[in-house]
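Enquirer: sequence and predicted model, in that order:
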Amino acid sequence: MKIFGWVLLIIGVAIIIWTLYSSYNIFTGKTEIPEIFSLPKESNQKPAESVEAQMKEMMGEQLKAILPVDTFPKLLNLIIWAILAGILTFGGAQISSIGIKLIISGV
């Protein structure tokens with residue numbers, strides 16, 4: 001059982017190291033964020049121009065100048081990745097803990 005404990009310890013530590021390395025690459029911009037949320041593609045069809053449609057378009061352009069369009073989906077994707085990284089780190093710690101217990105017990 002000691003060998004199985006060492007295997008579990010190594011697997012748990014490997015999961016934690018891979019998660020930290022992937023997170024580092026994502027947050028430094030070396031790797032793209034896993035895309036869970038994305039904006040739908042805009043169609044280029046122009047409906048009949050009414051005053052209301054023109055006002056909505058003008059307000060949309062002003063909002064785009066203040067806040068880029070892809071900011072909200074990127075933020076959601078980063079939050080999802082952070083949650084996933086936390087779950088993976090916790091899981092790796094639990095696997096390593098089981099391995100350590102098996103090594104110590106020497107059964």
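Expert: Perfect, thanks for sending it. Numbering: from 1, shown residues only.
Enquirer: I33 in helix, strand or coil?
Expert: Following DSSP: H, G, I helix; E, B strand; the rest coil, the label given to I33 is coil.
Enquirer: I'd like the average pLDDT over whichever strand or helix holds L76.
Expert: L76 belongs to helix 71-105 when assigned by DSSP states H and E. Taken as a whole, helix 71-105 has an average pLDDT of 92.
Enquirer: could you name the helices and strands sitting against it?
Expert: Contacts defined by 3 or more Cβ pairs under 8 Å, 6 or more residues apart in numbering; DSSP states H and E place helix 71-105 against helix 2-27. (C-beta placed from N, C-alpha, C; glycine too.)
Enquirer: and the angle from the helix it packs on to helix 71-105?
Expert: On the basis of axes from the mean of the first three to the mean of the last three Cα atoms, to 10 degrees, helix 2-27 is oriented at 160 degrees to helix 71-105.
Enquirer: and helix 2-27, what does it pack onto?
Expert: Using 3+ Cβ pairs under 8 Å, 6+ apart: helix 2-27 touches helix 71-105.
Enquirer: run the chain-centre distance for the helix it packs on.
Expert: 12 Å (Cα atoms, centre = their mean, to the nearest Å).
Enquirer: do the same with stretch 90-106
Expert: 27 Å.
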